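A structural model of the following input is requested.
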Amino acid sequence: MAGDREADNKEKHEETIEKFIQVIAKNMNLYGIPPSVGRLYGVLYFADEPMTLDGMREALEMSKTSMSTGVRSLSEVKMVKPAFKKGVRKDLYQSEEDWYKSFTSLFGNRWRKQTEMNIEEAEDAIEELQTLMEKTEDEQLLEELQRDLERLEYARNYYLWLKDFIRTMESGEIFEYIPKKDK
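Below you'll find the model as predicted:
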């Protein structure tokens, strides 16, 4: 009887972890990471030891190529890092266990480039409208140009604020304002 109960407990434990790994995968999808790569992160997070690509492939029943691509994607956003174990020749990987660090890195990587492009586009549009204002004498067009310039300047200022916010996230300064919830 005790053996059956322990087997049931072990199965319930595995089911609970698997359900949470699914939650991780869904959440990572919000950040543009495919659910399969989110599952990979979840498996690495709950692994007791660093894993090889073969071990990941077996755990997730996916191709080694998919595992390699997933590990590379997660490494780029600092959610997975190489690990070393004496006597193991194959590459080993483990999850970054500091989710705060992972989130700030992922958020920064995903948002920084787009925000900088948006600032550039807004500044280009502002410059074009200012040039048009200098060339036209049409009062109605001048009013429209002025309204649109104000909108573009508002948008640019928002993106500049967002750039500061991203810097605050990436530097860890955000935790001075919103402290981490440790244990």
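
what about Leu152, neighbour count?
20 (other C-beta atoms under 10 Å). All C-beta atoms are positioned from the backbone trio N, CA, C, and that covers glycine.

Can you give me the buried ones in the helix or strand where it lies?
Using DSSP states H and E, Leu152 maps to helix 139-171. Neighbour-count burial for helix 139-171 flags Leu145, Leu149, Leu152, Ala155, Arg156, Tyr159, Leu162, Lys163, Ile166, Thr168, Met169, Glu170 (criterion: 16 or more other C-beta atoms under 10 Å).

quick one: buried residues of stretch 104-116?
So, applying 16+ other C-beta under 10 Å, buried residues of stretch 104-116: Thr104, Ser105, Leu106, Phe107, Gly108, Asn109, Trp111, Arg112, Thr115.

Identify all contacting residues around that stretch.
Stretch 104-116 has contacts (C-beta atoms under 8 Å, 6 or more residues apart in numbering) with 31-33, 76-79, 159, 162-163, 166, 169-170, 172, 174.

if we go to 10 Å?
The contact list for stretch 104-116, computed with C-beta atoms under 10 Å, 6 or more residues apart in numbering, reads 28, 31-33, 74, 76-79, 96, 98-99, 118, 158-175.
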